[in-house]
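Trainee: fold the following.
(one chain, ligands or ions: 1)
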Amino acid sequence: MPDIDITQVKLDIEKAGSLTELEELRVKYLGRKGLIADMMSVIPSLSKEEKGPFGQKANSLKNQIKELLDEKQKTLAGGSIAKGKGSGIDIGMPGIAQELGRAHPITQVIDEICSIFVRMGFQVVEGPEIETEFNNFTGLNIPLEHPSRDAFDTFYLNTADKLLLRSHTSPVQIRAMRANKPPLAIVVPGRVYRPDAVDASHLFMFHQIEGFMVDKDIKFSDLKGILEVFAKGIFGKDIKMRFRPHFFPFTEPSAEVDISCIICKGKGCSVCGRKGWLEILGSGMIHPNVFNHVGYDPKKYTGFAFGMGVERIAMLKYGINDIRLFFENDLRFLKQF
Ligand code: PHE
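Mentor: So this is what the prediction gives:
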């Protein structure tokens with residue numbers, strides 16, 4: 001008489017590693033031509049006394065096997081998504097969110113400033129951070145031993161040819177003018193270096209954006225118009241601007257540009273030192289000596305130049321009171337931009 005060893009069935013089902021294997025076992029035991037069907041098929045040929053107990057045995061085996069198969073199926077099906085109960089994995093636990101990164105606030109401000117100038121037809125150009133004395137000073141009409149060099153205190157490299165870390169982005173004026181004929185309209189973002197003691201408003205490295213335009217007949221009013229579009233684009237159209245006479249060796253006349261204080265709107269507060277105005281950049285008409293150094297005829301061409309500190313603009317724009325925050329890489333700070 002056909003019989004089934006339930007211990008063997010348990011082992012077989014235990015070993016099944018996939019839903020396909022389990023289905024094969026289901027066919028083997030419970031299928032139309034399976035082992036249970038074999039048992040059932042002999043019942044009609046049994047004696048009256050044997051029929052009852054044998055039939056009950058076959059039925060109970062069928063139910064046990066079905067239960068074992070169903071149980072195992074749940075485990076295997078669950079495992080294909082995530083292991084369920086008993087696997088040590090909590091499928092109800094929230095997933096690990098992929099956080100989006102973002103550009104550094106200084107990069108964002110550089111991009112924003114440059115794009116305003118690009119819309120006005122300027123080209124973005126970069127230059128090296130290691131410069132020659134000529135490009136950083138002499139070409140810009142800052143003579144050797146002239147006290148104005150102190151304003152651009154410099155890190156010199158230990159080389160015979162007196163290379164240095166550029167102390168402003170103005171040397172890119174020299175490079176661009178030597179390499180190209182006018183007309184030129186260029187903005188230059190980049191790092192600059194000065195041996196300053198670090199405090200809330202000074203670092204030994206910061207970013208500047210230089211801008212200049214050279215052609216026949218460029219006037220101071222062109223500089224004013226362009227800078228007004230820039231300042232209103234960054235700080236809002238309600239701000240006022242003023243030009244204050246200043247001195248730079250490479251521009252004549254020179255001016256510092258102020259905007260009305262964005263905090264107190266010009267009334268006077270602690271941010272603007274009660275003046276109502278905030279200085280944002282230096283500018284002027286390119287000095288004829290600079291044109292001579294790059295081989296442009298100063299009688300034929302005129303131009304303007306300006307330079308601004310990116311960190312300063314970012315601090316004013318976002319109300320940040322310590323420049324060091326930009327470079328501490330504290331995510332609580334960086335995530336706010
Ligand atoms: N290079 C000057 C500075 O670093 C800024 C400037 C650029 C001023 C161009 C005038 C013209 O302070």
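Trainee: contacting residues for the residue nearest the centre of the chain?
Mentor: Nearest to the geometric centre of the chain sits A103, at 2.3 Å (CA atoms, centre = their mean). Taking CB atoms under 8 Å, 6 or more residues apart in numbering, we find A103 in contact with D111. The way it works is simple: take the backbone N, C-alpha and C, and place the C-beta from them, glycine included.
Trainee: now with 10 Å?
Mentor: Residues in contact with A103 (CB atoms under 10 Å, 6 or more residues apart in numbering) are 109-111, 334, 337.
Trainee: quick one: it is in a strand?
Mentor: No. When DSSP: H, G, I helix; E, B strand; the rest coil is applied, A103 is found to be coil, with no strand at that position.
Trainee: before we move on, back to that, any of the contacts of A103 buried? List them.
Mentor: Buried members of those, counted by 16 or more other CB atoms under 10 Å: 109-110, 334.
Trainee: what's the average pLDDT for stretch 173-191?
Mentor: Here stretch 173-191 scores 98 as its mean pLDDT.
Trainee: residues of it that come out buried?
Mentor: So stretch 173-191, judged by 16+ other CB under 10 Å, has buried residues 173-177, 182, 184-190.
Trainee: can you count the residues close to the nearest residue to F333 once chain neighbours are set aside?
Mentor: Counting by CB to CB, 6 or more residues apart in numbering, the nearest residue to F333 once its immediate chain neighbours are dropped is L325, at 5.3 Å. Residues contacting L325 under the criterion other CB atoms under 10 Å number 17.
Trainee: and N180, how far is that from L165?
Mentor: Distance, N180 to L165, by CB to CB, to the nearest Å: 25 Å.
Trainee: quick one: contacts for the residue lying closest to I226 once chain neighbours are set aside?
Mentor: With sequence-adjacent residues excluded and distances taken as CB to CB, 6+ apart, I226 is closest to M120, at 6.3 Å. Listed by CB under 10 Å, 6+ apart, the contact partners of M120 are 185, 187, 211, 213, 225-226, 229-230, 233.
Trainee: then Q336?
Mentor: Under the contact definition (CB under 10 Å, 6+ apart), the residues listed for Q336 are 105, 318, 320.
Trainee: can you check F230 too?
Mentor: F230 makes contacts with 113, 116-117, 120, 187, 209, 211, 241, 257, 280-281, 306, 308, 313, as judged by CB under 10 Å, 6+ apart.
Trainee: check which helices and strands the host helix or strand of G55 sits against.
Mentor: Assessed by DSSP states H and E, G55 sits inside helix 48-79. Judged by 3 or more CB pairs under 10 Å, 6 or more residues apart in numbering; DSSP states H and E, the packing partners of helix 48-79 are helix 6-15, helix 19-30, helix 35-42.
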